[in-house]
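Predicted coordinates and the sequence they were generated for:
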2 protein chains.
Amino acid sequence: MDSIKVYLEKNKERFLAELRELLKIPSISADPAYKSDMLKTAEAVKENLLDAGCDLAEVCNTPGHPVVYAEKIIDKTLPTVLVYGHYDVQPPDPLDLWDSPPFEPVIKETKIHPEGAIFARGACDDKGQMFMHVKALEYMTQNDELPCNVKFMIEGEEEVGSEHLEWFIKEYKDRLTNDVILISDTGMIAKDVPSITTGLRGLSYLEVEVTGANRDLHSGLYGGAVANPLNVLSKMIASLTDENNHITIPGFYDKVENLSDEERKKMAEAPFDLEEYKEKLDIDDVYGEKGYSTLERGSIRPTLDVNGMWGGYIGEGAKTVLPSKAFAKISMRLVPDQDWKEITELFKKHFESIAPKGVRVEVKPHHGGYPYVTPIDTIGYLAASKAYEETFGKTPIPQRSGGSIPIVSLFEKELKSKIILMGFGLDTDAIHSPNENFGVWNYLKGIETIPWFYKYFTEMSRNN
Amino acid sequence: MDSIKVYLEKNKERFLAELRELLKIPSISADPAYKSDMLKTAEAVKENLLDAGCDLAEVCNTPGHPVVYAEKIIDKTLPTVLVYGHYDVQPPDPLDLWDSPPFEPVIKETKIHPEGAIFARGACDDKGQMFMHVKALEYMTQNDELPCNVKFMIEGEEEVGSEHLEWFIKEYKDRLTNDVILISDTGMIAKDVPSITTGLRGLSYLEVEVTGANRDLHSGLYGGAVANPLNVLSKMIASLTDENNHITIPGFYDKVENLSDEERKKMAEAPFDLEEYKEKLDIDDVYGEKGYSTLERGSIRPTLDVNGMWGGYIGEGAKTVLPSKAFAKISMRLVPDQDWKEITELFKKHFESIAPKGVRVEVKPHHGGYPYVTPIDTIGYLAASKAYEETFGKTPIPQRSGGSIPIVSLFEKELKSKIILMGFGLDTDAIHSPNENFGVWNYLKGIETIPWFYKYFTEMSRNN
């Protein structure tokens, strides 16, 4: 298997060039204007999977954006790895903050990546990480190193809540049978500190609309006498968290899993430099729920964030208007064992109940997903751990992530197998932000590590 | 003077056509993109003033948008009326809420205006009301009814705080000498309830910017651990008013003039139908400072309104971003004897002081103006009152308006004369809102009433 190093050295320029081609297509799932680019991207992924050695690959239509399904079955008696990833990306705005156009990938050296990093929307999340699996498969098929069967399910709606993936999984259940699900859509602690994500937060995403008068009004003639939706919405949002940044929605914490002091002590051992964290973000202090560390606030505790807010006059100069409407996009990150559908209902009920007279409030649930935690004693986890040991020379740390992959818990429920989250990104990759990037070193390290997982997972399954 | 009725009947179609021409030019002072339209409008006003009989009219450059100055001096020993108005308009957005394009004036019948109303941005505020004075002058010069001297000062920056008018007044002081300043930039209570505005609120307009991390962040990886500028700005804005909608800025009320119970009782006598008010705005209740009536909240009490707020992802669909910045445009309406410069400082100091650690706050003062109250025993007021009696058949009610004409108090200070606010608009004219309109009846009634003011003001000045 050491031939992987040689193969990588020989092909890395092509591996980078092929990824850049994929990154050039603006597959923004949130914006209907990019529908044809979504299709184009799905087709490109399909072609890449066939080139990598799949016997079969197709773009499967869904009620939403298509899913790319592919497989290579070498022996029905051998175990099967199902690789999940997504080809859609977050909207790139604010565009003016990008140093280079988001869909014109460039490789630049950075402090963290002296070997260079690919800058483009989706470089890490998730085109780059998904493509590592395509190239790892190419290596295994080209070098007769594929020890088991493999299936791919690459969707196009992860950034908008995987709305139709449940439909797809139920529709394609028979073809999706597998022994383990492998996903690279998370990060690791540092280049020299490999980690495996063992937990993900759930999500509830909503949009709220506050309406006052039936038209925009003159703030002089009506100001002070008629409810201002922006003032009111600010008060309503402010009231959703108390002075300790504890969320005030009744029942919100009822099902939150409380970790033992033991578990919290273990978490605290993970390498983390608060001063460096603040310096990287250029903030004078962190900000969050009282009684919890920054690592805990970002992983084992639920949150409530306004992701967008707008209303009134937001153009150049001044306009003394008392707006008719105010809007906000609000999302809550959830932890075990919060039920996102239940939390969405609790939010809706509470938010409507705190609306003062003089305004009308509408809460539109957007999408959501369940939190997920995986045990570390499964064959899948152990195979992944050994794979990292081969390529990083050290045992990876199990780590809970604050992010969400809404669909993960569904996989377990519907496909009855464990999910292994082998992420190779860094928290400096600026995913969902301007100047998203993915280290060339990380990209190649991922391609190098994945085949080892296949090897050990197949061996361990045999001995099981 | 009864010939005015005949003259109006004969010329009203032309009066309407000429106003429509003026309304077609998008003179949006707040937006630099309309600079040339501002010039075009100033030129058009100048031409109209010459056509109306002025001996002299010119477009005077200022460090900002030009001021149109014109005059007709018939006898230096006679009193001089200085007419002030503005040719700039508010931005028309949100455009999608207009039933017809804001700069394509149309006349439509409405419930309140069976004689029809002109729909266009600026129809009432202030092109329509300013143009009444131009047409009234035309009548007086054409029919040898001009009893005194008249000067016009029509500016282009009223909607953005009259930034350079002070400069202009000081520069042109000698030419602006007058005995009374006449302005139609306010409203009256109802078509059958004429009123003269005796008070205006002052204004302090600011923009605030809250900055968290140095870039937009992934709300999953950083949510709960890093300050979210939108959540923080909401909390800061919410804290600016207490549960009684009392403004919490220390010192804010120190100089607020408190009206006597006598004065408040007199105010309460003004005809006002709360149910009709709520119905027109389609609100289930009014909203404002505890302990004051709707009329009081909108006139004799200061206010704090968010005129615009934005941050994060405000596009289609969902984006789980933790924004780096959040913004708001905030204005305060002030009453005697609040000093807008002092209030602006108090706001800045207080707002910066309540910023939590983890964010940086910037407060940018925009513009402002002093409140104004005029006595009702001056020759100017009495002449206006008699003029309304002639054309409405009843004595007008003195009324305090909630609006602001930042420059009015400066006029008194610099030009040493009283200001008479003869407004013919209605609060249903939707100024600063989509579908702004001005009743044809009101437009013509204004043209009919103004010459009577000249007559009585000149007579009373002589007897003085």
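Done, it's in.

What are the boundaries of the strands in the stretch 101-250 of chain A?
Ranges of strands in the stretch 101-250 of chain A, per DSSP state E, counting those that start in this stretch, are A:106-108, A:117-119, A:149-155, A:180-183, A:195-200, A:202-211, A:217-218.

Go ahead and measure how far the fifth one is from the middle of the chain.
By that I understand strand A:195-200. Computed by C-alpha atoms, centre = their mean, to the nearest Å, the chain-centroid distance of strand A:195-200 equals 12 Å.

Confirm for me that residue A:216 is in contact with residue A:320.
No - checked against C-beta atoms under 8 Å, the pair residue A:216 and residue A:320 is beyond contact range at 10.5 Å. Any C-beta I mention is one placed from the backbone N, CA and C, and that applies to glycine too.

which residues do these two both contact?
Applying C-beta atoms under 8 Å, 6 or more residues apart in numbering or on different chains, one finds that residue A:216 and residue A:320 are jointly contacted by residue B:432.

pLDDT weak spots in chain A?
A:464 (pLDDT under 70).

In it, which helix is the longest?
Among the segments of chain A that qualify as a helix by DSSP state H, the longest is helix A:440-462.

Is it correct that residue A:43 falls within a helix?
Yes - judged by DSSP: H, G, I helix; E, B strand; the rest coil, residue A:43 forms part of a helix.

wait, it sits on residue A:59?
Yes - using C-beta under 8 Å, residue A:43 is in contact with residue A:59, at 6.1 Å.

When the two are compared, which one has more neighbours?
Of the pair residue A:43 and residue A:59, residue A:59 is the one with more neighbours under other C-beta atoms under 10 Å in any protein chain shown, namely 17 against 14.

Which residues lie in contact with the residue nearest to residue A:436 when sequence neighbours are not counted in this structure?
Take residue A:436 and drop its neighbours on the chain: the residue closest to it by C-beta to C-beta, 6 or more residues apart in numbering or on different chains is residue A:430, 4.9 Å away. Neighbouring residues of residue A:430 by C-beta under 8 Å, 6+ apart: A:436, A:437, B:215.

Of those - the most surrounded one?
Once you tally neighbours by other C-beta under 10 Å, residue A:437 ends up highest among the contacts of residue A:430, having 30 neighbours.

so that one sits right up against residue A:110, yeah?
Yes - the pair residue A:437 / residue A:110 is scored as a contact, 7.3 Å apart, by C-beta under 8 Å.

follow-up on the earlier one: check whether the longest helix of chain A contacts chain B.
No - shown here: helix A:440-462 not in contact with chain B (C-beta under 8 Å from any C-beta of the partner chain), separated by at least 16.0 Å.

Kindly spell out which helices and strands sit in contact with that helix.
Judged by 3 or more C-beta pairs under 8 Å, 6 or more residues apart in numbering or on different chains; DSSP states H and E, helix A:440-462 is in contact with helix A:3-23, strand A:80-86, strand A:117-119, helix A:127-142, strand A:180-183, helix A:379-392.

what's the offset of the longest one from the middle of its chain?
Right, the one you point to is helix A:3-23. On C-alpha atoms, centre = their mean, the centre of helix A:3-23 falls 24 Å from that of its chain.

for that helix, packing partners?
helix A:35-51, strand A:117-119, helix A:127-142, helix A:440-462.

ok, now with 10 Å
helix A:35-51, strand A:106-108, strand A:117-119, helix A:127-142, helix A:379-392, helix A:440-462 (3 or more C-beta pairs under 10 Å, 6 or more residues apart in numbering or on different chains; DSSP states H and E).

Could you list the buried residues of the fourth one?
Residues of helix A:127-142 classed as buried under the neighbour-count rule (16 or more other C-beta atoms under 10 Å in any protein chain shown) are A:127-141.

do the same with the longest one
Applying a neighbour-count criterion of 16+ other C-beta under 10 Å, the buried positions in helix A:440-462 are A:440-461.

What residues does the residue of chain A most remote from its centre make contact with?
Within chain A, residue A:221 marks the point farthest from the mean C-alpha position, 47.5 Å out by C-alpha atoms, centre = their mean. If a contact means C-beta atoms under 10 Å, 6 or more residues apart in numbering or on different chains, then residue A:221 has A:320, A:322, B:186-187, B:201, B:298-299, B:333, B:401-403, B:425, B:427, B:429, B:431-432 as its contacts.

Counting neighbours, what do you get for the nearest residue to residue A:431 once chain neighbours are set aside?
Of all residues not flanking residue A:431 in the chain, residue A:125 sits nearest, at 3.9 Å (C-beta to C-beta, 6+ apart). Number of residues near residue A:125 (other C-beta under 10 Å) recorded here: 27.
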